[in-house]
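> this one's sequence-less:
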RNA sequence: GGCCCCGUGGUGUAGUGGUCCAACACGCUGCCCUGUCAAGGCAGAGAUCGGCAGUUCGAAUCUGCUCGGGGUCGCCA
């Protein structure tokens, strides 16, 4: 070993001890005779003092040191002189008086400063990712990820889960996301695909009798990237046999409470994760991934505003639309430009625009038309206006925001406004993880473009037992045993109780419109396995990148992935993807046609 | 594929038709300095302003195309 102790590990109690340290020159402060070096390693930073009166040779070498050089230093730990302590460093009360130094490696001047935390061009960061990862923030992010992963292993191991690896080279299944494919040399013209998730394999493992499986699994999809989407992401994938929905939810709830307590012991987290039905979530929050750190709620005003003289409302109701409102508390005096900003937000996202309503400080019952300020107050009778104020609980210092239009658009718009208002008014609790399960999703959703049913989640989700009978008559009425875990407005994962019966699975394929030849081509293995005693089973897939990003307060998952790709799925560090040799192409029997 | 933002010494920014052969901070190089930790002082090097084409007497600045990065919609069961 080159070192006896980590730079960040030394404390006052070590005074007088002689240690060897090794690490990188974080910062050099040269006072002529006296030279200070902040030495950094994976454990932190410590100040090394080079004093010519203590060691002439060491001081001479220290003169040549530059940022990011790798050095080994021997010296004695000493309490800093009074007034020279640095409260920003864990090692700030002590320092090391160097007696020996060895330069282990020099460094070119880095393309950006490792010891500073400023926004560098993403391309440059990724090209020099090895330097970027040296930054203390990135070190912390990646280590947090390790701690989370370790905690998952510990927790699930204690609960009798078995970690099982599944293949990366699997069969391509064209539904869902676009597959990454790998050509086969042995079977020319044939391709493997990289898994979008280990879904079918883990279900087969349940048929195999493992009962409790988990895997920290890499998942691939060839789709466009986002701040929270990379071509490959990691999910905690688990599956359990002989369980009902609540068994799965309770396990995940315990696991996530355990993880949060490990990483942020002081964070606020619900003792019991609320279970909110999909319908309620859409009605009350306008979205299936509500941010529950604040409790603004939408109110339905469709009935209240029916049969008015206001054209917009009537047209909306005639075309099966809805009218909903959201109270922005204390925003009575919002200026024209503030309201226009809200309006713009909605319009930019394809929404209809927003109506506002405010009222005077008279008692609700005494309100008259002139007490209510709104674009439509003259067209809606006073009783209905009062009722809308009563239902929405719009007080004198509040601002009622109203949207009218199709159900989808209104919910989407008000959900955006809900988040925006909360942010503007500082209603979002910090250091809080407001987890919830969204449950009772419909099993199918109608695909307007193709005029057919699509699976809401995936094709293996089981209907609620009492809804199985609708498979033949009303697929749209079926509620699935299907659930999402959401936290602070982010979907962290979803899961379901699966179908374990061949007939039901075939009916679902049928509703989605797969022909029997398609079904046997893609799903014959899992269907056949179901005929050999498949146990009832269910599980989840939970995004690890998003979870860790949330835990360390990052908005992009690139900050918690060691070697991520750019928005064009390119890796500037290793220059990937790249051409392959003609020999490789020949072996694979592939020709590249140059696109014009 | 659509829309939006960004691209100026090594890094981050300012400059948005002539006052700019480009400014500031950090970094870098050299010198001075024994208590700094965003060290300080002095001196210096370093950029044809992402690329190409155009408009103009004149372009970092305006226009078109293009490349790269980011965000977002589509897409992502």
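Sure, I can see it. All of these numbers come straight from a predicted model, not from anything done at the bench.
> Point out the residues in the stretch 101-250 of chain A that sit beside RNA strand B.
A:109, A:111-113, A:116, A:118-124, A:175-178, A:196-197, A:199, A:221, A:223-229 (CB under 7 Å from any atom of the strand). C-beta here means a position set from N, CA and C on the backbone, and glycine is covered the same way.
> Now, those residues that are in helices?
A:122, A:123, A:124, A:199 (DSSP state H).
> Can you report how many residues lie near the spatially closest residue to the first one that is not a sequence neighbour?
Leaving out its chain neighbours, the residue that sits closest to residue A:122 by CB to CB, 6 or more residues apart in numbering is residue A:566, at 6.6 Å. Close neighbours of residue A:566, defined as other CB atoms under 10 Å, add up to 14.
> Wait, a strand at residue A:566?
No: with DSSP: H, G, I helix; E, B strand; the rest coil as the criterion, residue A:566 is coil rather than part of a strand.
> List the contacts of it.
A:122, A:123, A:126, A:225, A:572 (CB atoms under 8 Å, 6 or more residues apart in numbering).
> And it, what's its pLDDT?
Residue A:566 carries a pLDDT value of 96.
> how much space is there between it and RNA strand B?
From residue A:566 over to RNA strand B the distance is 4 Å, taken as CB to the nearest atom of the strand, to the nearest Å.
> Against residue A:67, how distant is that residue?
From residue A:566 over to residue A:67 the distance is 27 Å, taken as CB to CB, to the nearest Å.
> Confirm that residue A:77 sits in a helix.
No: going by three-state DSSP, the assignment for residue A:77 is strand, not a helix.
> Count the neighbours of it for me.
21.
> Equivalent analysis for residue A:235, please.
Quick note: residue A:235 (other CB under 10 Å) scores 22 neighbours.
> surely it meets residue A:221?
No: counting by CB atoms under 8 Å, residue A:235 stays clear of residue A:221, with 11.5 Å between them.
> returning to what we had before: buried ones among the residues of the stretch 101-250 of chain A next to RNA strand B?
A:120, A:196, A:197, A:199, A:221, A:225, A:228, A:229 (16 or more other CB atoms under 10 Å).
> I'd guessed residue A:552 sits against residue A:139; true?
No: judged on CB under 8 Å, residue A:552 makes no contact with residue A:139 at a distance of 11.2 Å.
> Up against RNA strand B, what does the stretch 351-500 of chain A have?
By CB under 7 Å from any atom of the strand, the residues of the stretch 351-500 of chain A that approach RNA strand B are A:454, A:455, A:456, A:457, A:458, A:459.
> I'd guessed the second one sits against residue A:508; true?
Yep, that's residue A:455 we're talking about. Yes: the criterion here is CB under 8 Å, and residue A:455 meets it with residue A:508 at 7.4 Å.
> between residue A:552 and residue A:139, who's got more neighbours?
The residue with more neighbours, out of residue A:552 and residue A:139, is residue A:552; 19 against 15, by other CB under 10 Å.
> domain ranges for chain A?
Domain ranges of chain A: A:7-105, A:137-242+A:544-586, A:294-424, A:443-540, per automatic domain parsing.
> for the first one, the distance to its chain's centre please.
Right, domain A:7-105. 40 Å (CA atoms, centre = their mean, to the nearest Å).
> can you give me the helices in the stretch 451-596 of chain A?
Assigned by DSSP state H, counting those that start in this stretch, the helices in the stretch 451-596 of chain A fall at A:502-512, A:516-530, A:544-551, A:582-588.
> just the stretch 51-200 of chain A next, same as before
So, for the stretch 51-200 of chain A - with DSSP H, counting those that start in this stretch - the helices run A:56-62, A:122-127, A:129-132, A:136-158, A:199-207.
> can I get the helices of the stretch 451-596 of chain A in CSV with distance to residue A:381 and mean pLDDT?
Shown next, in CSV, are these (distance: least, CB to CB, whole Å; pLDDT from 0 to 100):
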stretch, distance to residue A:381, mean pLDDT
helix A:502-512, 46, 92
helix A:516-530, 57, 90
helix A:544-551, 48, 96
helix A:582-588, 75, 95
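> now these in JSON lines, with mean neighbour count and distance to RNA strand B?
What follows is the helices of the stretch 451-596 of chain A, written out as JSON lines (neighbours: other CB atoms under 10 Å; distance: least, CB to the nearest atom of the strand, whole Å):
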{"stretch": "helix A:502-512", "mean neighbour count": "18", "distance to RNA strand B": "10"}
{"stretch": "helix A:516-530", "mean neighbour count": "15", "distance to RNA strand B": "11"}
{"stretch": "helix A:544-551", "mean neighbour count": "24", "distance to RNA strand B": "11"}
{"stretch": "helix A:582-588", "mean neighbour count": "12", "distance to RNA strand B": "23"}
